[in-house]
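Asker: what's the 3D shape of this:
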Amino acid sequence: QVQLVESGGGLVQPGGSLRLSCAASGRTFSSYNMGWFRQAPGKEREFLAAISWSGAWTTYQNSVKGRLTISRDTAKNTVYLQMNSLKPEDTGHYYCAADRRSERLQRGDLNLEVWGQGTLVTVSS
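Answerer: This next block holds a predicted model:
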């Protein structure tokens, strides 16, 4: 099974950009579909984006389409989330997750095999 470590969070001004990374350890990373989730203060964790193990498909929550882009580099065992035009409501802890069942990530299911520990993003002036 893989282990996941997120990085790249921090403080950014509204309208700015950040790229989050999720580094995976384990030889079977290429078998896992990957996703990004966000938990805002006082709110439930929500699905943002997912990518298949091969990169053949991606899917996004409607509200973030056009601002967030998920990608993966299998050679580096890393998944990225590029975030542009950030808003204060994007503030929260960002988590990556992995699951070998593509249908779970395609529907934004929270019941996934592996989770990272999260990285904090704060959007504020």
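Asker: dig out what the most centrally placed residue in the chain forms beta bridges with.
Answerer: In the chain, the residue lying closest to the centroid (C-alpha atoms, centre = their mean) is residue 36, at 2.1 Å. When assigned by DSSP bridges, residue 36 has beta-bridge partners residue 49, residue 96.
Asker: tell me the spacing between it and residue 27.
Answerer: 23 Å (C-beta to C-beta, to the nearest Å). For glycine as for every other residue, the C-beta is placed from the backbone atoms N, C-alpha and C.
Asker: again with residue 92
Answerer: 32 Å.
Asker: higher neighbour count, those two?
Answerer: More neighbours surround residue 92 than the other of residue 92 and residue 27, with 21 against 8 (other C-beta atoms under 10 Å).
Asker: list the contacts for the closest residue to the more buried one other than its chain neighbours?
Answerer: Excluding the flanking residues, the one nearest residue 92 by C-beta to C-beta, 6 or more residues apart in numbering is residue 40, at 3.9 Å. Neighbouring residues of residue 40 by C-beta atoms under 8 Å, 6 or more residues apart in numbering: 46, 89, 91, 92.
Asker: lowest-confidence helix or strand of the chain?
Answerer: helix 102-106 (a mean of 92; mean pLDDT, DSSP states H and E).
Asker: return the distance of the following helix or strand past that helix from the chain's centre.
Answerer: Scanning forward in sequence from helix 102-106 by DSSP states H and E, the next helix or strand is strand 114-115. When distances are taken as C-alpha atoms, centre = their mean, to the nearest Å, strand 114-115 is centred 11 Å away from the chain's centroid.
Asker: helices or strands next to strand 114-115 in the packing?
Answerer: Judged by 3 or more C-beta pairs under 8 Å, 6 or more residues apart in numbering; DSSP states H and E, the packing partners of strand 114-115 are strand 3-7, strand 92-99.
Asker: which outside residues touch the shortest one?
Answerer: Taking contacts as C-beta under 8 Å, 6+ apart, the residues outside strand 3-7 that touch it are 20-26, 94-98, 114-119.
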